[in-house]
Every structure is written in structure tokens, then in C-alpha cells.
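> coordinates for the following, if possible.
(chains A and B)
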Protein chains: 2
Amino acid sequence: VQPGAPLTRAALAAADEQDPLRQLRQRFQLPAGLIYLDGNSLGALPAATPAHLRDVVERQWGQDLIRSWNAHGWVDLPQRVGEKIGQLIGARAGETLVSDSTSVNLFKLLAMALAARPGRRVILTEAGHFPTDLYIAQGLCTLLGERAELRVVAPDALLDALDEDVAVLSLSHVDYRSGRLHDLPGLTRAAHQHGALALWDLAHSAGVVPLQLATDGVDLAVGCGYKYLNGGPGAPSFVYVSGALQHLSSPIAGWFGHARPFAFEPDYVPAEGIGRLLAGTPPILSLAALEPGVDLALEAPAEVVREKSMRLTELFIGLVEQELAGHGLELASPRDAQSRGSQVCLRHPQAWPLMQALIARGVVGDFRAPDLLRFGFAPLYIGYADLWDAVAILRDILQHRSWDTPAFHARQAVT
Amino acid sequence: VQPGAPLTRAALAAADEQDPLRQLRQRFQLPAGLIYLDGNSLGALPAATPAHLRDVVERQWGQDLIRSWNAHGWVDLPQRVGEKIGQLIGARAGETLVSDSTSVNLFKLLAMALAARPGRRVILTEAGHFPTDLYIAQGLCTLLGERAELRVVAPDALLDALDEDVAVLSLSHVDYRSGRLHDLPGLTRAAHQHGALALWDLAHSAGVVPLQLATDGVDLAVGCGYKYLNGGPGAPSFVYVSGALQHLSSPIAGWFGHARPFAFEPDYVPAEGIGRLLAGTPPILSLAALEPGVDLALEAPAEVVREKSMRLTELFIGLVEQELAGHGLELASPRDAQSRGSQVCLRHPQAWPLMQALIARGVVGDFRAPDLLRFGFAPLYIGYADLWDAVAILRDILQHRSWDTPAFHARQAVT
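Presented below is the predicted three-dimensional model:
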């Protein structure tokens, strides 16, 4: 791929040959012929996962039964997988755990952040934050009444909105629609300068954008197991609490977060360390299924992944500009690769039927209301030639308006 | 088995021949030679589960990817499996959901109960309630400060402790240690007479004790997927909210509980009905693994299960009395089968090494501090002759004090 020269499929296929991550694609079970640009919604199935899960189900559960809590380390699984994710996000040892859903973990962390900053009642966030982050904060504020308030501002008004009432700045690292990448170190510093904690939702960055939570002084974080970590549908979430804040207790004081859960004591005594973030009995099957995906992510150096990710989104935008000009598409993601996560959003008035037509032709992205086509690029299994093929199909659909034919609508009506 | 006559293995084996549930044992994958009396801790693997989970993993996730949320009904799975459990517990349609852990669901329901009874601040429960139920209530009270108080009394003081400050009476139907069965209808009525709600933890009764939540006017309930429902380790929990209380909102306002989760609206609007109890993205693999276990439980009529369950515990106690007299064992469960769940606890000063010796001989129960041997009897896969064999092994261990030999301790030290 020569800078300035027109992009060709041959040049992109040649780039695949040089791709240091190329061999990893074989480590996923992807359907033949499908171009899957929705790994930021649900990651692909790692090839190692089915056999691992069969072992957990048939041997560990089926044969060894209750003994597996110790014999097969189920009891430590949240910490063990958490430690691995901790390596991906630049946490120190003992700061990361896998447990519950992202929403439940957000609830815990927001409550803990308010407790850590007595006298401050504001959760500061931006309009456009992922809905569940907003909803969870709204629900917590309803529960706590006058003790908490959600302040939602425009992204460029965040710094001005940081004041001595703010207990916690709660943001997504990568915007789920546009892919815009926040300045995580800078916003974390700004929060600290105003005495607030920084809570980052890493759903769209863990596994694809390099993270240095410890170095950057991040206080609290959550993230998603089922996107770029390829942990399977509804995979449990990870939760990070900086060592300096591990004296805080989770508001959801379940028995697995107890210092001695199997002593069955009447009073709650939180475990030392990150283990206190556990609540109930962890969903072992979903948790076990996450581990092979995390292991795969650990095989790929973060900087190599980021380099490929930026190149993928850059080339995709280049192809859209080169091949699809005049079709009414508008870029809804930052033009500068350094300011983007691993996704590209295009705006089009017919985004919904366009995406349906793409999916029918084997290019899977997703639609976000009202007019966004969203494409995610998972560097572990998406190649450069895939970009050409996806854009060629999109061009064909646009040229023939095949998303606007009676045949298309009839097909959609029955599927 | 003749009343009054000495119990023999032949009589018990003959009872197995007459057992209407006998064929169900083949529907579980149990290790040969193991007598598994710990199904109240982790239920056995249904034979149908591995193939079902392979399909969910390899075809639904692996091949159909993101489309499976609709194409394979993942999005409705919490409600679909919930409805089935609703049939087991005597709920009306639309009152039961599978979501999160029992601990997280307890947190939601306790907060909702306090919101339903403004001006009342007390959560009333008993000493000896399952620890996570106590811990979750303690954590919620810490979070809410003066707005909530946990009142813990002796079981026989519950009725006297019901007063106009009590918002909710929170109890386990079956005591996790002794197996004592509470008078659920009576205590629910008593709570209502004092203007309080009744919240029942059905962890040790769902699937083994007949339940009529709607008829009994139960307000709120939670229960466990991984005990008698055989849903696998850490299977998600079920949550029940009476239709009359479904105007209440969950304090954990995650996006899956939103009226339109995929509209990505900025403000939380709870779904109508039980769906609002959802929080984050459900753990689909663990949830899918639960369904075959629930389906199996639905095949067995509740009254037939209860009849066998009472007979199992009664015969086990009879065998202990007949075969193990003079060995220092003391019954720690109610003597009357009507007052017991499907388990029996025996007290012995050497309970811990005794249970280790039993497990080493292929009889799996569990130990509860300080001195309890706990045996659970899952009527779908435990037979009457199993009782004889388990007691014979326990007798052998007691007679030879084989839990107290150097060889035993040496073996324990390395396992």
C-alpha cells in the first residue's frame, strides 16, 4: 500500500501477507465467506473455546462435580482471568477481577467512588456516554436521593464542569458510536486536580487500544468480556480498582466477596484486595469461556495490535473515499487515526436498510439510530483484503440501490 | 419397605423398582460408583446439557454471531427460562426472570421492598439465614444509612418482631444447614398483616419442595439455578416479583432492563413487567446451560418429587438410627419429614475428617462448620439403595475409625 497511490485489492492482499498478526486469524472459528465487522459488539469464537468449555462441562462439572471448586480452581477463576486482563490493561497485580456484568460493576464502582469522596455528590459524565453507564448512574442517584447527582455535559464541557462537587468523572475511553478516543491520561489528571476520581469504561478499548491504567493513575475501570476479548455472548465483565482504593467496600456485599466465604459467618467482612468486588457465585461456564479469548489477546503485542487497528480503520476510510464518493456517505468518526478506536461510523439517510442489505450479502456491521452504519475492525481476525471486499459489496449495493428493491424488502419481511 | 420392620438393602432396591422417577436418573451424566449427596450445593449434569451448549457455542455464537441475539432468541432467554421456572414455583406468567446472581437479585429486591414501603426502614430476618442474604442486607443498609436497618432475631421471635417499622420480611424457605422448612404461607400472611412485604429465598426449595407463590401471595423471591435445577456451576439466579409490585424499579438500572435497550436512549425508562429486573447483558452461555436442567425438573410432577424427597430423608434417618447407633451422631435436622427440605444434617465432633473419609470412599456430601455432616437428596437422580450404600460406607468408616488413621491423614495431606 503506497501512500497517495490508489488502493487496490492486490495491494491490500499483499499487506495481509506482511501482517505479523496474520496467523491469529486461524485461531478463530469464523464462518467461511463472512466479513465480520461487528467484533466490537460480539467478538468471534476462538478455536480453543469449544474444547475448553466441553472439558469444564463434561469433566469438571459432570465428573468431578462439587470438588471442582477447588480441584479445578473455579474458586479462583475470577481472579485468575482478572489477572490476565490486568496485563492487557496495564493494571498492577491484584487490581483486576472478572465478575458480574458491566452494568453491575458500574453500580459498585460509582457507589464506591461516592463513598470515597464524602461531601461530594456529583457523578460527572458526558452526553453520548454508553446508555447503560448513564442508566446505572441514574438508578444509583434515585436510590441515594440527595446524596448523589448526575451531571451530564457536552464532551467539550467536561473540563469546565469539574469542580469541588464532583466525586467521580465517569467516561468511556472509546465512544461506542463514533469511535472517538478520549484523552484518558489527560482527563484522569484533570479529575485528580479537582479532587475527583476517574472511572473509565474500557468496553471498546480493552484488547484493541493500549492501556496503562497504573501508569496513568486510573482509579476505577470496568470493561466488557464479549467484544475484543472474544469471551462469548454476555461474557462477564472485568472490574479494576486501583490498589490505593481497595479499602472501599462494594455496596453489593455478596458472599463471594467475603474474607472467608465458606466459613458462613453471620457478619460481612470484605476480603482483602480486589476479591471484595465479587458478589454472588460467579457464572463459571461463562467465565471459563472467556479465558481462551483473553489468552489469545495476550499473544498479540498491544502496540502491534494498535498499529494494525489504526491501519485498518485508515484504509477503510480511504476506500470509502476512493470507491464510494457521491453516494451520500459521511464519515461520523474522527478523521485522525490517533483519535479513533478500532471502528468507523458512516452516516447515511438509509443506514438501516443499507446495513440489512450488507448483512444479507455477508458483510456484518451494525446500525445505530438514526442514521449510522457502524463497522468494527478486530485486528486479530480481520485482514486488509477484507476491507476491499466489504467496500466492494457496499458499492454494489449503493450503485444498484439493491437495498431499495421490492425483492429486498420482500426478503427482509420474511427473515 | 415395611413400616416398623428393619430396613434392608433388598427392600430399598425394591423401592427403587417402584419409583416413578426412576427413569430420570438416566437423564443425568453421573460418574459410575459415586453416591452424590451434594446436589443441594451443585446439581448434577443433565445428559442433554453438553450437546445443547455445544450448539449454542459452535453454531449460534461461532457461526451466526451477533445475529443470534434475535435468530436464536438470546434476547428473550432470561424471560423464556424464567417462565419455565415460574411454572416450578407457582408464579403467574410474567413474574419470573433469570438474571445475575442470587446475591445481586437480593440487592435489587431488598431495595425495591424498602421503596415500596416508605416510612418503614427495617429488613427483618433471622439469625441463621444464609450468609449472603445477611451480607447483602448489611451492604444495602450501609449504603442507605439511616434509611434502612437490618433486624436479626431468633427464628421463633420473628412473629413478635413484625411491627410497623418492618418493610420486608426476608427469609429462606429451607434452612441451608438444618433443612428446616419454614411455614411460607403462614409467615407471608403474618408479614402482610403487619403491612410488610415477604421476600423468600428459594435456593433450597425450588425444584424439590412444591411452591405456590401466587396462591400464597408471595411478594418477592429469588432462587438458585445450580442446586436442584441442575443449571451448572454459578448458573444465574431466578428472580420473582409479584405482578402487583412490578411498578417498582430495580436500583441497578442496566440497559437490558430498559423499555427499548437497542434504541440507546439517554434516559432510563424501565421495561414494563418483569423485564425491568434485568441489569446488564445476560451471561448467555451460563443461562443456556440452565435450560435443560429446568426442562428436566418440569418433567417430574412436584408432588411426586416431594413424596420421594420426604421418603429419602426419612429412610436415611431411619438407616442412621438403625445402623449407626452408638457412634456419636446426632440428628441436626427436624425429625418430622413435613418440616424438612430434601436434606439431612448430622452432628459429629469429627465431622470434618469424617466427611473427607466419606468423599474418599465415593460418598459426596459436605461439611458445615463446626460439626455438621450435610447430605442432600436430589430425587431426580438419587435412589433408595443409594441410601443403604452411603450409610454402609459411613458405618465402615466409623467402625474402623478410618478417618483417624495415619494413612488417611497422609492421603489427605497430599490431595
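> wait, residue A:187 sits on residue A:196?
No - counting by Cβ atoms under 8 Å, residue A:187 stays clear of residue A:196, with 10.3 Å between them. For every residue, glycine as well, the C-beta is placed using N, CA and C.
> neighbour count: those two, which is higher?
When residue A:187 is set against residue A:196 and neighbours are counted by other Cβ atoms under 10 Å in any protein chain shown, the residue ahead is residue A:196, at 27 against 20.
> quick check on that one: phi, psi?
Its backbone dihedrals place residue A:196 at phi -100, psi 160, with angles given as degrees, to the nearest 10.
> residue A:395 belongs to a helix?
Yes - secondary structure assignment places residue A:395 in a helix (DSSP: H, G, I helix; E, B strand; the rest coil).
> now do it: how many residues are near it, please.
Here the number of neighbours of residue A:395 (other Cβ under 10 Å) works out to 15.
> joint contacts of residue A:187 and residue A:196?
residue A:169 (Cβ atoms under 8 Å, 6 or more residues apart in numbering or on different chains).
> okay, the residue most central in space within chain A: pLDDT?
The C-alpha lying nearest the average C-alpha coordinate of chain A belongs to residue A:203 (Cα atoms, centre = their mean; 2.3 Å). With respect to pLDDT, residue A:203 scores 98.
> do the one helix or strand residue A:295 maps to and chain B meet?
Using DSSP states H and E, the element containing residue A:295 is helix A:284-299. Yes - counting by Cβ under 8 Å from any Cβ of the partner chain, contacts between helix A:284-299 and chain B involve A:284, A:285, A:286, A:287, A:289.
> what's the first helix or strand after that helix?
helix A:302-323.
> which positions within that next one qualify as buried?
Applying a neighbour-count criterion of 16 or more other Cβ atoms under 10 Å in any protein chain shown, the buried positions in helix A:302-323 are A:302, A:305-306, A:308-317, A:319-320, A:323.
> quick one: name the residues of the stretch 301-415 of chain A near chain B.
Counting by Cβ under 8 Å from any Cβ, the residues of the stretch 301-415 of chain A that sit close to chain B are A:359, A:364, A:366, A:368, A:369.
> surely residue A:267 touches residue B:139?
No - Residue A:267 lies out of contact with residue B:139 (Cβ under 8 Å); the separation is 11.3 Å.
> now the helix holding residue A:295 and helix B:284-299, what's the angle there?
Angle between the axes of helix A:284-299 and helix B:284-299 is 160 degrees (criterion: axes from the mean of the first three to the mean of the last three Cα atoms, to 10 degrees).
> for the lengthiest strand in chain A, the distance to its chain's centre please.
What stands out as the longest strand in chain A, according to DSSP state E, is strand A:166-172. With Cα atoms, centre = their mean, to the nearest Å as the basis, the distance from the averaged C-alpha position of strand A:166-172 to the chain average is 18 Å.
> who are the packing partners of that strand?
helix A:102-116, strand A:122-126, helix A:131-144, helix A:184-193, strand A:197-201 (3 or more Cβ pairs under 8 Å, 6 or more residues apart in numbering or on different chains; DSSP states H and E).
> count the neighbours of residue A:361 for me.
The criterion is other Cβ under 10 Å. On that basis, residue A:361 has 16 neighbouring residues.
> okay, it and chain B: tell me how far apart.
14 Å (Cβ to the nearest Cβ, to the nearest Å).
> quick check, pLDDT for that residue.
At residue A:361, the pLDDT value in this model is 96.
> so it makes contact with residue A:395?
No - if you go by Cβ under 8 Å, residue A:361 and residue A:395 don't touch, sitting 11.2 Å apart.
> top of the residues of the stretch 301-415 of chain A next to chain B by neighbour count?
Most surrounded of these: other Cβ under 10 Å gives residue A:364, at 24 neighbours.
> rewinding a little: any chance of the helices and strands packed on strand A:166-172 in TSV, plus distance to chain B?
Compiled in TSV, the helices and strands packed on strand A:166-172 are given as follows (distance: least, Cβ to the nearest Cβ, whole Å):
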stretch	distance to chain B
helix A:102-116	3
strand A:122-126	11
helix A:131-144	3
helix A:184-193	20
strand A:197-201	12
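> once you drop chain neighbours, what's closest to residue A:355?
By the measure of Cβ to Cβ, 6 or more residues apart in numbering or on different chains, the closest residue to residue A:355 outside its immediate chain neighbours is residue A:367, 4.3 Å from it.
> what sits closest to residue A:84 if chain neighbours are left out?
With sequence-adjacent residues excluded and distances taken as Cβ to Cβ, 6+ apart, residue A:84 is closest to residue A:294, at 4.8 Å.
> okay, now that neighbour: neighbour count?
By the measure other Cβ under 10 Å, the count of residues near residue A:294 is 26.
> with the one 4 residues further on instead?
Residue A:298 has 14 neighbouring residues, counting by other Cβ under 10 Å.
> pretty sure it contacts residue A:86?
No - in this structure, residue A:298 is not within contact of residue A:86 by Cβ under 8 Å, at 10.7 Å.
> one step back: ok, now how distant is the residue nearest to residue A:84 from residue A:86?
Distance of residue A:294 to residue A:86, computed by Cβ to Cβ, to the nearest Å: 10 Å.
> over to residue A:406?
When residue A:406 is compared with residue A:86 (using Cβ to Cβ), they lie 54 Å apart.
> what do you get for residue A:80?
For residue A:80, the distance to residue A:86 equals 11 Å [Cβ to Cβ].
> ok, now how distant is the residue in the stretch 1-150 of chain A positioned nearest to chain B from residue A:241?
Among all residues of the stretch 1-150 of chain A, residue A:101 sits closest to chain B, at 2.5 Å; criterion: Cβ to the nearest Cβ. Counting by Cβ to Cβ, the gap between residue A:101 and residue A:241 amounts to 17 Å.
> grab the nearest non-local neighbour of whatever residue of the stretch 201-350 of chain A ends up closest to chain B.
Closest contact between the stretch 201-350 of chain A and chain B, by Cβ to the nearest Cβ, is at residue A:280 (2.5 Å). The shortest distance from residue A:280 to any non-neighbouring residue, by Cβ to Cβ, 6+ apart, is to residue B:101 (2.5 Å).
> wait, the one you found touches residue A:99, no?
No - shown here, residue B:101 and residue A:99 do not form a contact pair, counting by Cβ under 8 Å, at 9.1 Å.
> what's the mean pLDDT across the one helix or strand residue A:10 maps to?
In the assignment (DSSP H and E), residue A:10 maps to helix A:9-18. Per-residue pLDDT values over helix A:9-18 give a mean of 98.
> swap in stretch A:59-77?
The average of the pLDDT scores along stretch A:59-77 is 97.
> just the strands from the stretch 301-415 of chain A, written as ranges.
Taking DSSP state E, counting those that start in this stretch, the strands of the stretch 301-415 of chain A run over residues A:330-331, A:343-347, A:363-364, A:366-368, A:372-376.
> which other helices and strands contact the first one?
If contacts are counted by 3+ Cβ pairs under 8 Å, 6+ apart, strand A:330-331 sits against strand A:343-347.
> counting neighbours, which bits of the strand it packs on end up buried?
Within strand A:343-347, the residues that qualify as buried by neighbour count (16+ other Cβ under 10 Å) are A:343, A:344, A:345, A:346.
> and residue A:101 and residue A:241? Which one has more around it.
A count of neighbours by other Cβ under 10 Å puts residue A:101 above the other of residue A:101 and residue A:241, at 30 against 27.
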